[in-house]
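Student: Could you look at this predicted model? Sequence included:
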Amino acid sequence: MPAAIVTDSTAMIPADVAAERGIVVVPLQVVIGAQVLDEGADGATPEVVAEALRAFKPVSTSRPAPTVLLEAYEAAARAGATEVLSIHLSGEMSGTFESAQLASREASIPVTPVDSRQVGVATGFAALAAHDVLAEGGSADEAAAAARARAAASSSLFYVDTLEYLRRGGRIGAAAALFGGALSVKPLLQIEDGVVATLEKVRTAARALSRLEELAVQAAGEQEVDVCVAHLASPDRAGQLTEHLSTRLADQLGGRDVWCGELGAVLGAHVGPGMLAVCVAPRL
């Protein structure tokens, strides 16, 4: 076990996939009122967060402390790892990468923190790319480079019913300048260089669904890709988008399915119910 991979719960790697590939997933936390919950099936779930937001309860999120990440690194060392790749969501959106940097200085084995400059499953695809390089005998440096390259090549596109939740969390980024106080506009957004940026605005959810489909197809081009549709409390629209993309991208998917799932609780806390996202990740 020459190198181990650590990531965080926002990467949306299914528990069985992480276990099979030996990827350690460290949870972020969701704070609902005075209650602090780890993100995951036994703590903060998308359903819990969506219900709290609808009830206008105060909801915030928290990065893992450096000590939590350090314990993950030391556990990997005890299991036989000689070094660690710690791959996380954008440092512009969360302090998790900073926690990884701080923890790496205290670790007993070398740790390479990797800022994916992405959020959600795009970070997960980056971690899986790193795993594939290591599994094929590549070095930790090569695996880190593969993670960065796949994250940079990935497109993270999303629609929110309202900008209000992003505004509350201070993560609206460049969108604020364009939309100003027009929080009723239905925006299409993307992750660009680690922050939320604006693609375009639409007036209806139906139009947003159509545009997400077109933009995802454009992002895929003629490349072989992995595609994920994520949502928060919007299963019908997500199912429709998944079905359409599966049909239109059949050749580029190479026999794989478009994966569809509920957005994690931490990211869901910042975008609110009704959010719909597509990640298109080329296979490098």
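Tutor: Yes, it's here. Numbers count the residues shown, from 1 in each chain.

Student: and residue 24, that's in a helix?
Tutor: No. Judged by DSSP: H, G, I helix; E, B strand; the rest coil, residue 24 forms no part of a helix; its state is strand.

Student: how much space between residue 59 and residue 65?
Tutor: Using C-beta to C-beta, to the nearest Å, residue 59 is found at 20 Å from residue 65. For every residue, glycine as well, the C-beta is placed using N, CA and C.

Student: An error on my part: the question was meant for residue 92.
Tutor: Taking C-beta to C-beta, one finds residue 92 at 20 Å from residue 65.

Student: for the stretch 101-250 of the chain, which spans come out with low pLDDT?
Tutor: Counting by pLDDT under 70, the stretch 101-250 of the chain contains low-confidence residues at 168-185.

Student: Spell out the residue ranges of the strands in it.
Tutor: Listed in chain order, the strands found in the stretch 101-250 of the chain under DSSP state E, counting those that start in this stretch are 111-115, 155-159, 186-192, 195-202, 225-231.

Student: Reformat those as TSV; add mean neighbour count and distance to residue 75.
Tutor: Shown next, in TSV, are the strands of the stretch 101-250 of the chain (neighbours: other C-beta atoms under 10 Å; distance: least, C-beta to C-beta, whole Å):
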stretch	mean neighbour count	distance to residue 75
strand 111-115	22	13
strand 155-159	23	30
strand 186-192	21	30
strand 195-202	18	32
strand 225-231	25	28
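
Student: Export the ones you listed as CSV, with columns for distance to residue 248.
Tutor: Formatted as CSV, the strands of the stretch 101-250 of the chain follow (distance: least, C-beta to C-beta, whole Å):
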stretch, distance to residue 248
strand 111-115, 32
strand 155-159, 15
strand 186-192, 18
strand 195-202, 19
strand 225-231, 10
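
Student: show me what contacts residue 115?
Tutor: 88, 90-91, 97, 194 (C-beta atoms under 8 Å, 6 or more residues apart in numbering).

Student: whoops, I mixed them up, residue 102
Tutor: Here residue 102 is in contact with residue 66 (C-beta under 8 Å, 6+ apart).
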